[in-house]
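1. Requesting a structural model of the entry that follows:
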Amino acid sequence: MAHITSDNTSLVNFKNITQINTGGIKGMNDGGLIMNNLSINKLIGNGEYGLFYTSHDSLDISFLASNITLNNLFQLNLKENAIFYIENKNKIKNVHVCNLNNKCENFPNEYGLMNKAEIILSTEYNDISISNTIFDNINGDKGVIAVYTYIDFRNNTVKNSYFKNGFFYMDENDQTSGLFMIYDSLFVNNTGEAGTIFHIGELLYLTGCTIESTSSQYIGNNSTKYGGVIYSMGQYNNLHTKFIDNVFIDNHSRFGDVIYSYSKESNPNISNINELEAIDGAIVTKPAKIILSEDSIKSFSIHSGDFIPKNIKSN
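-> Okay, here's the model as predicted:
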């Protein structure tokens with residue numbers, strides 16, 4: 001078991017480290033690694049593993065890093081050039097199950113979004129790659145939140161999870177941004193409220209933000225309100241969102257079984273959009289504004305895509 005802690009007033013500084021035939025910091029079976037204000041400088045490794053290593057029999061490893069500086073790292077891994085090395089296919093399961101009953105008690109912090117991210121919160125210029133990983137029974141408000149971050153999400157599975165506002169969350173009005181690239185991944189049997197997999201607020205006309213999904217499958221996802229898979233509420237979101245050769249099967253929502261969007265013109269670019277448009281209720285757009293005449297009935301309901309009742313009079 002490995003457990004290294006430092007409080008907010010401490011500075012931990014590792015210099016001139018040599019790593020031989022193991023991970024630089026290794027956690028086996030269970031343990032926690034909490035690093036604050038940490039500097040690692042001039043580390044030379046000739047082992048098989050990266051700086052942080054867990055094996056296939058590691059069960060309950062927790063990792064938290066804040067204000068970390070890594071400089072002059074050489075030959076960390078003879079197998080792969082990796083800071084993190086995790087053996088076998090990764091499985092992340094049963095995270096924040098307390099959220100299902102609204103019983104979670106999150107640690108207070110200065111960043112409002114921090115308590116909302118179940119998988120990743122990246123607030124600086126970072127490149128993050130996730131591959132061959134299973135996310136099972138993850139529960140919370142959002143899954144991935146980033147600022148100025150490139151995320152490569154490849155050959156992963158997200159299943160049996162609940163994300164109130166999407167596994168992937170991006171909204172420039174909420175100071176979140178980045179490039180999310182999703183490839184060959186499976187999203188199955190997840191639930192949410194507004195965009196179970198993608199919650200995309202407003203992306204500006206001139207922005208570097210991009211969300212792309214390629215050759216992925218979205219199966220059996222459900223939203224209680226808007227967008228069984230995608231919630232997109234920006235006028236220019238069509239310029240920055242692409243879905244290429246994806247499969248959408250048996251997704252459901254109160255409004256928009258697959259997509260709930262700001263308007264037809266701002267819908268995400270989807271290569272098989274004609275297939276979705278042929279499915280009743282798959283794509284729903286935000287209702288238009290109706291100004292009633294004085295002699296019209298005053299109470300009625302209408303959903304996007306419905307015809308206006310004949311006894312309605314409007315200006």
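2. Next one: Ile279 from Tyr218, what distance?
-> According to CB to CB, to the nearest Å, Ile279 stands 13 Å off from Tyr218. Glycine gets a C-beta too; all of them are placed from N, C-alpha and C.
3. More neighbours: which of these two?
-> Tyr218 (26 against 12; other CB atoms under 10 Å).
4. List the contacts of stretch 170-177.
-> The contact list for stretch 170-177, computed with CB atoms under 8 Å, 6 or more residues apart in numbering, reads 113, 145-149, 169, 178, 180, 199-204, 207-209, 211.
5. swap that for stretch 210-222, please
-> Residues contacting stretch 210-222 (CB under 8 Å, 6+ apart): 168, 170, 179-192, 196-198, 200, 228-229, 240-253, 258, 268.
6. Quick check: PyMOL command selecting the buried ones in these.
-> In PyMOL, this line selects whichever of the contacts of stretch 210-222 come out buried by 16 or more other CB atoms under 10 Å:
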select buried, resi 168+170+179+180+181+182+183+185+187+188+190+191+192+196+197+198+200+228+229+240+241+242+243+246+248+251+252+253+258+268
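7. and Glu265, what does it touch?
-> Here Glu265 is in contact with Asn238 (CB under 8 Å, 6+ apart).
8. Now with 6 Å, please.
-> With contact set as CB atoms under 6 Å, 6 or more residues apart in numbering, Glu265 has no partners.
9. ok, now the one 4 residues further on?
-> Shown in contact with Asn269 (CB under 6 Å, 6+ apart): Asn238, Lys242.
10. repeat for Thr224
-> Glu193.
11. hmm, 7 Å instead?
-> Glu193, Arg254 (CB atoms under 7 Å, 6 or more residues apart in numbering).
12. for Asn155, same thing?
-> Ser131, Asn132, Tyr183, Asp184, Ser185.
13. Turn those into CSV, including pLDDT, distance to Ser122 and secondary structure.
-> Shown next, in CSV, are the contacts of Asn155 (pLDDT from 0 to 100; distance: CB to CB, whole Å; DSSP: H, G, I helix; E, B strand; the rest coil):
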residue, pLDDT, distance to Ser122, secondary structure
Ser131, 84, 17, strand
Asn132, 85, 20, coil
Tyr183, 97, 19, strand
Asp184, 97, 22, coil
Ser185, 97, 19, coil
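14. quick one: which two of those residues are the most distant?
-> Asn132 and Tyr183 (11.7 Å; CB to CB).
15. if we can go back for a sec, can you tell me which of the contacts of stretch 210-222 are in strands?
-> Among those, the members found in strands (DSSP state E) are 168, 170, 179-183, 186-188, 191-192, 198, 200, 241-244, 247-249, 252-253.
16. In the stretch 1-150 of the chain, where is pLDDT below threshold?
-> Applying pLDDT under 70 to the stretch 1-150 of the chain flags the ranges 1-115.
17. try 90 this time
-> 1-141, 145-149 (pLDDT under 90).
18. Next: the stretch 201-315 of the chain.
-> In the stretch 201-315 of the chain, residues with pLDDT under 90: 208, 286-315.
19. Could you rerun that using 80?
-> 287-315 (pLDDT under 80).
20. Break down it into its strands, ranges please.
-> Ranges of strands within the stretch 201-315 of the chain are 210-214, 217-219, 222-226, 230-232, 241-244, 247-249, 252-255, 259-261, 269-270, 283-285, based on DSSP state E, counting those that start in this stretch.
21. Identify each buried residue in the third one, please.
-> With burial defined by 16+ other CB under 10 Å, the residues of strand 222-226 counted as buried are Asn222, Ser223, Tyr226.
22. partner strands of that strand, parallel or antiparallel?
-> Its sheet considered, strand 222-226 pairs with strand 191-194 (parallel), strand 252-255 (parallel) by DSSP bridges.
23. any chance of those in JSON lines, plus distance to Lys264?
-> Shown next, in JSON lines, are these (distance: least, CB to CB, whole Å):
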{"stretch": "strand 191-194", "distance to Lys264": "19"}
{"stretch": "strand 252-255", "distance to Lys264": "14"}
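24. between those strands, which gets nearest to Asn274?
-> Closest among the strands paired with strand 222-226, using CB to CB: strand 252-255, at 20.3 Å.
25. surely Val158 meets Phe135?
-> Yes - contact criterion CB atoms under 7 Å: Val158 and Phe135 qualify, at 4.6 Å.
26. which of these two has more neighbours?
-> Higher neighbour count among Val158 and Phe135: Val158, with 27 against 23, using other CB under 10 Å.
27. Run through the residues that contact that one.
-> Taking CB under 7 Å, 6+ apart as the test, what Val158 contacts is Phe135, Phe167, Phe187, Asn190.
28. Tell me the bridge partners for it.
-> Phe135, Phe187.
29. Kindly state the pLDDT recorded for it?
-> Predicted confidence (pLDDT) at Val158: the value is 93.
30. Kindly provide the distance from it to Asn190.
-> 6 Å.
31. try Asp174
-> 22 Å.
32. now do Gln217
-> Counting by CB to CB - Gln217 and Asn190 are separated by 12 Å.
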